[in-house]
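> 3D model of this:
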Amino acid sequence: HLPRASVATLRLPVPDVAAQRAFWDPVASWLGWTPTGAPDGTAAYTGAGLGLVFTPGARASPPSSGVTLTLEAPSPAAVARLKDLLQAQHPHSIVSGSEEGLRFQDPAGLTWEYTPPSV
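Next up is the predicted model:
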């Protein structure tokens, strides 16, 4: 058997990288992530041991595909704080939300979930 492999980077094609960057620059900062040097025409962030790169291209799958990317929140209070920030800056991005978990969509229609660890 090979040693366990970790997911290091998610590369996600999006129709409008500039719109992704405008959305994700503040959101990444709120999550404690950092923008990274990326090739022209892409937007990239690192945090919590994961790289996230948005590349130009058609959306890989429509939002109705049922795919949701989950980010682990440190606490229910962090979920509430992110919800408040999104409500103030990107109110149309929120799909649903409570202290148990927040679902939101970015400009490319990718669905994200921010939830505290289960007990």
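> Can you show me the strands along this protein?
Per DSSP state E, the chain carries strands over the ranges 9-14, 34-35, 43-47, 50-56, 68-72, 94-98, 101-105, 111-115.
> Which strands and helices lie in contact with the lowest-mean-pLDDT helix or strand in the chain?
Taking mean pLDDT, DSSP states H and E as the measure, the chain has strand 94-98 as its least confident helix or strand, at a mean of 85. If contacts are counted by 3 or more CB pairs under 8 Å, 6 or more residues apart in numbering; DSSP states H and E, strand 94-98 sits against helix 76-89, strand 101-105. C-betas here are computed from N, CA, C, even on glycine.
> which outside residues touch the first one?
I take that to be helix 76-89. For helix 76-89, contacts defined as CB atoms under 8 Å, 6 or more residues apart in numbering pick out 26-27, 30-31, 73, 93-94, 97-102, 104, 114-116.
> Show me what counts as buried in it.
A78, V79, L82, K83, L86 (16 or more other CB atoms under 10 Å).
> Kindly report the same for stretch 34-42.
Those would be A38, T42, for stretch 34-42 by 16+ other CB under 10 Å.
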